[in-house]
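S.K.: below are the sequence and a predicted model; questions follow.
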Amino acid sequence: MSVHARRHRRLLALIGVAGITLAAAACGNSQSSGTSAGHIQKGGIATFALPAGAVPNWIFPFIDSAHSTIDNRNQFQYLMYRPLYFFGDNGEPVVNESLSLANAPVYSNGNKTVTITMKDYKWSDGESVTATDVEFWLNMMAAEKANWAYYVPGGLPDNLSSWKVVSPTEIVLNLKTADSPSWFTDNELSQITPLPLAWDMTSATSKSNCATDVSSCAAVWSYLYNLSKQVSTYGTSPVWKVVDGPWVLTSYQTTGLSVFKPNKDYSGPVKPRLSEFIEEPFTSESAELDVLRSGKISVGYLPVTDIAQKSVIQSSGYNLNIWLDAGINYFPENFNNPTVGPIFRQLYFRQAMQHLIDQPEYISKIFDGYASPTYGPVPVEPANPYVDGFEKANPYPYSASAAKALLTDHGWTVHVNGVSVCTKPGSGASDCGAGVKAGAKLDFNLEYASGSPELTQEMEVMKSAFSSAGIDLNLSEAPFDEVVGSAVPCTASQASCSWQMLNWGGGWSYSMDHFPNGDLIFGSGAGDNDSNYSNPETDKLIAESDHVPGTISAVENYEAENLPAIFMPKADYSLTEVQDTLHGVTPQEPTFNLTPEAWYFTSGS
C-alpha cells in the first residue's frame, strides 16, 4: 500500500468506519498470558489475516513516506527490528518499558540533555545492540532526513545540537532547547530503530562508517534502500536475517504471504512459544470471511457490516475482541474557501454545527456501539494519561435549540428546514462576523467517501439535524482517494481551494507521534492541517506542551472548545476474532503493534 504516512492514518480511520477493518488481526501484549482451561502447547502455527488488499512491501526500517504504513512498520518490521522504545502496554498507548531496547530515558540539565542506557540485547549475528547502533540511526537521519517519513523541520534531528556515544551502553543527546520529556519521548525518541553494524555497508562486500560518520551515510542508505526494493528477496537475503526482534522472516511472497520463525537468539523478556507465525493475505473481505467461517485462520476480523454473523463465527470456535486505536475522528471545513471560509472562521458557527452532531446517538444506532466519541484532540478511548475531564464531558452536547440560539444571536435569520440568511453583517458581538456578507447563506457542499454504509448513514442523519437550524448540506460521494486528495492545505487564490467540507471517514491515528496535542493537524501551517485553521493561542499552547511538562491539558481543552474541525465518533479499529484455543493475543495495543511472541495454544482440559 503506497500511501503517505499521515494519509495512511486517515485511511485507518476510514476503514474502521466502513467496517473494512484495516487492522485485520489482534495485537498481542507482552503482559497478557490469556486464560486457558487446557495445557499450554509448545509450538503450533498461528495465522493472522492481513486486511483485504493490504500487503507488507517494505523491510528496511528507515522508512520513507511512500512505504510508511501500519502494515509495513508496526505489523511487519517491528517483529524483526525492535524500535528503541516500544509503545503499547496493557492496552494503553504508552511506552512499554519491558519490551523497549533501552531503559527509560533520563532527562537532565533542565530537560536539555537526554541520556539513554541500552539493555542487554543481542543481534542474531552475535553482536550486542549498543549505543553505536542508535548513533547509526541518528547519523543516517542527519544525512537522509528528506527520506525519513516522519521528518518535520525543526524536529529530530534539527532540534539536537549534538549526540555522543559515551560507552557501548550509553548515548547522550544534547537538545538545542528544553523540551517536555513526555513530548520528546513520545514523538521524537519513538522514531528511533537501532541499526545493526552488519548493515553499515555500501555493497555486499564493502564496509562503511555511517555508524560513526554522517558523511558516509548517503551511500549506505542508498545500498539498503535499493536492497529493500528487491521485495522477492526478503525471505532469503542474509542482510534481513540480522534481527534483534523475536522473529526472523523465513519465507515471503509478493502477494504478502509472510512466514516468520522464532529468533532463537532473541534476548527480550518474552520468548516465542509458537513454532511459526504467518501473515496471510486476502484479495477481498468476503474471501477472509469465508476462511473465518471455516475456522481456518487463527486471528481474523469481522467487518461491522457482517456483525449479524457474530454468533456463527463464535460457533466456529472464536472469541470476539474489540481493538481500539489511539486516534480521533473529525472532518475539516475549509477556512480559506473564498466564499464560505469567512463563515467557517466564526467560532459561534462551528459551535452551532458541533451542537447538531449527536455522537452518542450515532454510536448507538449507526455503529451498534462499536465506536467511541471524539470531543477534542486527545482520544477519549482507549484509556490514556492525557485525556481530561473537560474533554470527556463533551463541551458541545447535542442541542438543536442551542445551535439555533447561537445563529440568531449572531445576526442570522434562521429558516428551519430551509436556508438561514445573514441579515446583520458586521464584526460586532451580535453580528454575523468579519468577512460574512449581508445575504450570505448557510448552504454548503459536503463531499464524503463512498463505499461505507455507516458513513453514508452518518451524513444523512447529520443533514437532517443541520436542517433544523436552517443549515443546508449538499451531500455528494466520491472515492476515498479523491476525497482525501482534495483535503489539502490551500490559499483562497488557488483553484484547489474550492472545496468547502470534506469527510474521508476519519481523522487521525496517533502512531509514531504518540503525544496527542494536535500539532501536526491543527498547528498553523502544519502539513496535514487541512482546515487551514490558524489560531495564535492554539500555536502558543501547542509549543508550551512541547516544551513544558504537564501542560497538555491547556491545549487539549482549548482545541476541544475552539473546534479546529468538526469532531465525529471514531469507529472501533477492528472487531477481532481469535480462536478460542489461542491465548496471549489480548489486550490489543492501540499503537497497532503485534506481539505474537506472547501467543500460545492450549489443548485438553
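M.R.: Arrived safely.

S.K.: residue 197 and residue 211, how far apart?
M.R.: To residue 211, residue 197 is 6 Å away according to Cβ to Cβ, to the nearest Å. Using the backbone N, CA and C atoms, a C-beta is placed for each residue, glycine as well.

S.K.: same check on residue 448?
M.R.: For residue 448 relative to residue 211 (Cβ to Cβ), the value is 49 Å.

S.K.: over to residue 129?
M.R.: Distance, residue 129 to residue 211, using Cβ to Cβ: 13 Å.

S.K.: before we move on, what about residue 589?
M.R.: Remark: distance between residue 589 and residue 211 (Cβ to Cβ) = 31 Å.

S.K.: which of those two has more neighbours?
M.R.: residue 589 (30 against 24; other Cβ atoms under 10 Å).

S.K.: isn't that one right up against residue 86?
M.R.: No: using Cβ atoms under 8 Å, residue 589 is not in contact with residue 86, being 9.4 Å away.

S.K.: got the phi/psi numbers for residue 142?
M.R.: When read as degrees, to the nearest 10, the backbone of residue 142 gives phi -60, psi -40.

S.K.: same check on residue 273?
M.R.: phi -90, psi -30.

S.K.: pull the number of nearby residues for it.
M.R.: Neighbour count for residue 273, taken as other Cβ under 10 Å: 20.

S.K.: try residue 39
M.R.: Using other Cβ under 10 Å, residue 39 has 11 other residues around it.

S.K.: test my guess that it contacts residue 603.
M.R.: Yes: if you go by Cβ under 8 Å, residue 39 and residue 603 touch, sitting 5.9 Å apart.

S.K.: for residue 383, give its distance to residue 590.
M.R.: 9 Å.

S.K.: those two: who's more crowded?
M.R.: Comparing residue 383 with residue 590 by other Cβ under 10 Å, the one with more neighbours is residue 590, at 28 against 14.

S.K.: now the more buried one, nearest residue through space, not along the chain?
M.R.: Nearest residue to residue 590, sequence neighbours excluded (Cβ to Cβ, 6 or more residues apart in numbering): residue 326, at 4.0 Å.

S.K.: the one you found contacts residue 382, doesn't it?
M.R.: Yes: here residue 326 reaches residue 382: they are 6.6 Å apart, a contact under Cβ under 8 Å.

S.K.: who has more neighbours, these two?
M.R.: Neighbour count, other Cβ under 10 Å: between residue 326 and residue 382, residue 326 has more, with 26 against 20.

S.K.: that older thread, joint contacts of residue 197 and residue 211?
M.R.: Counting by Cβ atoms under 8 Å, 6 or more residues apart in numbering, the common neighbours of residue 197 and residue 211 are 132-133, 136.

S.K.: pipe these into JSON lines and attach pLDDT per row.
M.R.: JSON lines is the format used below for the shared contacts of residue 197 and residue 211 (pLDDT from 0 to 100):
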{"residue": "132", "pLDDT": "98"}
{"residue": "133", "pLDDT": "98"}
{"residue": "136", "pLDDT": "98"}
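
S.K.: tell me the one of the residues you listed nearest residue 292?
M.R.: Nearest to residue 292 among the shared contacts of residue 197 and residue 211: residue 133, at 40.3 Å, using Cβ to Cβ.

S.K.: all good on my end, thank you.
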